[in-house]
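Visitor: give me the fold of what follows.
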Amino acid sequence: MLSKQKAFTLGFQHVMAMYAGAVVVPLIIGGALKLTPTQIAYLIAADLFTCGIATILQSMRTKHIGSRLPVVLGCTFTAVGPIIAIASSSNLPTAYGAIIISGIFVVLAAPFYGKLLKFFPTIVTGSVVTIIGLSLIPVAMNNVAGGQGSPDFGQVHNLLLALLTLIVILVINRWAKGFLRTVSVLVGLVVGTIAGYAMGIVHFSSVSEASWFSIAQPFYFGAPKISITAIITMIIVCIVSMVESTGVYFAVGKATDQKVKQDQIVNGLRSEGLAIMLGGIFNAFPYTAFSQNVGLISLTKVKSREVIYAAGSIMVVLGLLPKLAALTTVIPNAVLGGAMIVMFGSVAAAGISILSEVDLGKGENLLIAACSIAVGLGSATLPQMFDQLPDFLKMLMQNGIVTGSLTAIILNLFLTKRNVAVEVQAQATKKIS
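Guide: Modelled structure (predicted):
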């Protein structure tokens with residue numbers, strides 16, 4: 001049983017791990033739609049508030065809601081393009097109407113989706129988890145260099161900050177013991193940020209400009225509107241997120257040494273559906289299980305859901321207190337990148353560990369792993385190869401987790417069934433002879 005102080009500190013570490021991913025979505029969408037600074041600030045506050053509630057819902061232990069896994073929820077990047085497209089061609093209330101309906105779809109579709117989990121044997125699960133980790137590595141390296149599109153991209157001070165953060169995390173994990181070791185990522189972020197401040201690249205202007213208190217308001221941008229095209233688009237986004245979340249659940253199961261059951265995934269997806277509905281009501285975003293935090297669990301070995309409850313509560317408070325939320329944005333991208341190397345690499349290592357339980361000496365298993373990882377990683381690193389496809393197909397094919405998962409599932413069905421048929425035929429021939 002963790003003390004409240006330790007649970008809070010470990011929960012705050014989880015918030016730091018996912019914070020950049022959480023706030024960048026409202027920043028991108030707000031900038032693309034030319035929203036005012038006040039409106040963008042509201043989007044960030046509403047997003048954090050709803051992230052917190054969604055995370056708490058996910059960790060609950062009820063009959064129909066909550067996976068009972070230490071999973072953190074955040075807004076899915078898959079929804080960025082569709083929301084911008086819907087809002088640009090119509091308006092934001094239309095996008096939020098579609099988000100609410102898509103959340104209802106996820107809640108209703110979760111039990112049916114759960115029956116498809118028989119198509120996720122160990123070889124498929126290991127391949128998917130490996131793809132999740134590997135597809136995140138480019139994100140980490142972009143941050144190491146200072147963030148994609150930043151004016152100081154690749155400059156020496158960014159590389160040094162990332163290296164310092166990584167070294168601090170590794171040193172603590174090598175020589176520290178007990179609680180200090182479990183918060184190594186948080187210590188690395190703090191040390192890296194202090195070093196960034198000494199270099200003159202950390203500024204607190206955003207903190208001074210932020211308001212002290214803000215309440216998420218239902219339908220801030222107006223009453224939701226219905227568009228069939230927008231609804232279908234957001235449902236496709238949510239199907240992609242369901243596949244992503246399944247991989248994350250399996251990865252968390254590996255990190256926490258437990259076998260993830262069908263009812264946990266179904267209940268977890270129901271929680272995500274409710275979170276997506278809340279996102280539409282409070283004018284936030286669709287939510288999915290965040291893979292960033294899986295690596296943190298693997299690294300710290302802390303499996304308690306109390307920590308995730310604490311993380312969810314911290315996000316709710318940050319959503320109500322924008323000035324505190326702004327304080328966390330001063331962490332340089334390079335510092336985040338240094339921490340991401342460890343966390344994302346841990347996810348990939350967890351996938352490799354799952355694959356080690358499979359006999360890769362069998363040709364079919366080797367082909368399933370090799371092809372699915374190659375296709376998934378290729379889609380993630382070179383998404384522009386699908387630019388000429390129709391929008392709904394492009395949305396699916398540009399997601400490496402989806403393409404890799406589908407490849408693994410299809411190859412597993414094809415190769416496994418073929419081998420079963422060959423074995424049956426061989427046995428029949430032996431009996432006849």
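Visitor: which residues does Ser127 contact?
Guide: 351, 355, 368-369, 372-373, 376, 404-405, 408 (Cβ atoms under 8 Å, 6 or more residues apart in numbering). Bear in mind the C-beta positions are built from the backbone N, C-alpha and C, glycine included.
Visitor: mind listing the helices for the stretch 51-200 of the chain?
Guide: Ranges of helices in the stretch 51-200 of the chain, per DSSP state H, counting those that start in this stretch, are 80-89, 92-114, 122-144, 156-175, 178-182, 184-198.
Visitor: so which of those helices comes closest to Val237?
Guide: Nearest to Val237, of all the helices of the stretch 51-200 of the chain, is helix 80-89, at 5.6 Å by Cβ to Cβ.
Visitor: and the angle for that closest one with helix 92-114?
Guide: With axes from the mean of the first three to the mean of the last three Cα atoms, to 10 degrees applied, the angle from helix 80-89 to helix 92-114 works out at 140 degrees.
Visitor: ok so, going back, show me which pair in the contacts of Ser127 is furthest apart.
Guide: Spatial extent of the contacts of Ser127 (Cβ to Cβ) is set by the pair Leu355 and Ser405 at 14.5 Å.
Visitor: just give the closest residue to the residue most central in space within the chain, not the sequence neighbours.
Guide: With distances taken as Cα atoms, centre = their mean, the chain has Phe290 as the residue nearest its mean C-alpha position (2.4 Å). Nearest residue to Phe290, sequence neighbours excluded (Cβ to Cβ, 6 or more residues apart in numbering): Gly74, at 4.2 Å.
Visitor: same question, Val124
Guide: Ala408 (4.3 Å).
Visitor: what about that neighbour, distance to Asn91?
Guide: 39 Å (Cβ to Cβ, to the nearest Å).
Visitor: of the two, which one has the most company?
Guide: Ranked by neighbour count (other Cβ atoms under 10 Å), Ala408 and Asn91 place Ala408 first, with 28 against 16.
Visitor: ok, back up a step: how many neighbours does the residue nearest to Phe290 have?
Guide: Neighbourhood size, Gly74 [other Cβ under 10 Å]: 28.
Visitor: quick check: it touching Met18?
Guide: Yes: using Cβ atoms under 8 Å, Gly74 makes contact with Met18 at a distance of 5.2 Å.
Visitor: show me whatever sits in contact with both of these two.
Guide: Counting by Cβ under 8 Å, 6+ apart, the shared contacts of Gly74 and Met18 are 51, 290, 292.
Visitor: show me what contacts the last one?
Guide: Remark: with contacts taken as Cβ under 8 Å, 6+ apart, Gln292 is in contact with 17-18, 21, 72, 74, 136, 340, 343-344.
Visitor: okay if I get those as JSON lines plus distance to Gly400 and pLDDT?
Guide: Listed next are those as JSON lines, based on distance: Cβ to Cβ, whole Å; pLDDT from 0 to 100:
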{"residue": "Ala17", "distance to Gly400": "21", "pLDDT": "71"}
{"residue": "Met18", "distance to Gly400": "19", "pLDDT": "73"}
{"residue": "Gly21", "distance to Gly400": "16", "pLDDT": "66"}
{"residue": "Val72", "distance to Gly400": "21", "pLDDT": "83"}
{"residue": "Gly74", "distance to Gly400": "18", "pLDDT": "81"}
{"residue": "Leu136", "distance to Gly400": "10", "pLDDT": "74"}
{"residue": "Met340", "distance to Gly400": "17", "pLDDT": "79"}
{"residue": "Met343", "distance to Gly400": "18", "pLDDT": "74"}
{"residue": "Phe344", "distance to Gly400": "13", "pLDDT": "75"}
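Visitor: what ranges do the strands span in the chain?
Guide: Secondary structure of the chain (DSSP state E): strands located at 73-75, 287-289.
Visitor: mind checking these for the one nearest to Ala310?
Guide: strand 73-75 (14.5 Å).
Visitor: low-confidence stretches in the stretch 1-150 of the chain?
Guide: 1-2, 20-21, 24, 27-28, 31-32, 37, 81 (pLDDT under 70).
Visitor: go with 90
Guide: Applying pLDDT under 90 to the stretch 1-150 of the chain flags residues 1-95, 98, 110, 112-150.
Visitor: over to the stretch 201-350 of the chain?
Guide: In the stretch 201-350 of the chain, residues with pLDDT under 90: 201-265, 267-268, 271-272, 275, 278-280, 282-350.
Visitor: and the helices in it?
Guide: Going by DSSP H, counting those that start in this stretch, the stretch 201-350 of the chain shows helices at 205-209, 228-255, 262-281, 292-300, 305-320, 322-327, 333-355.
Visitor: check the gap between the residue nearest to Phe290 and Gly66 for me.
Guide: From Gly74 to Gly66 the distance is 17 Å (Cβ to Cβ).
Visitor: tell me how many other residues surround Ile169.
Guide: Count around Ile169 with other Cβ under 10 Å applied: 24.
Visitor: again with Met60
Guide: The burial count for Met60: 15, using other Cβ under 10 Å.
Visitor: thought it was touching Leu69?
Guide: No: counting by Cβ under 8 Å, Met60 does not reach Leu69; the two are 10.8 Å apart.
Visitor: give the contact list for the residue lying closest to Leu108 once chain neighbours are set aside.
Guide: Among residues not flanking Leu108 along the chain, Gly273 sits closest, at 7.8 Å (Cβ to Cβ, 6+ apart). Going by Cβ under 8 Å, 6+ apart, Gly273 touches 103-108, 110, 238.
Visitor: contact partners for the nearest residue to Leu117 once chain neighbours are set aside?
Guide: Once flanking residues are discounted, Leu117 sits nearest to Gln262: 5.3 Å by Cβ to Cβ, 6+ apart. Contacts here follow Cβ under 8 Å, 6+ apart; on that basis Gln262 touches 114-115, 117.
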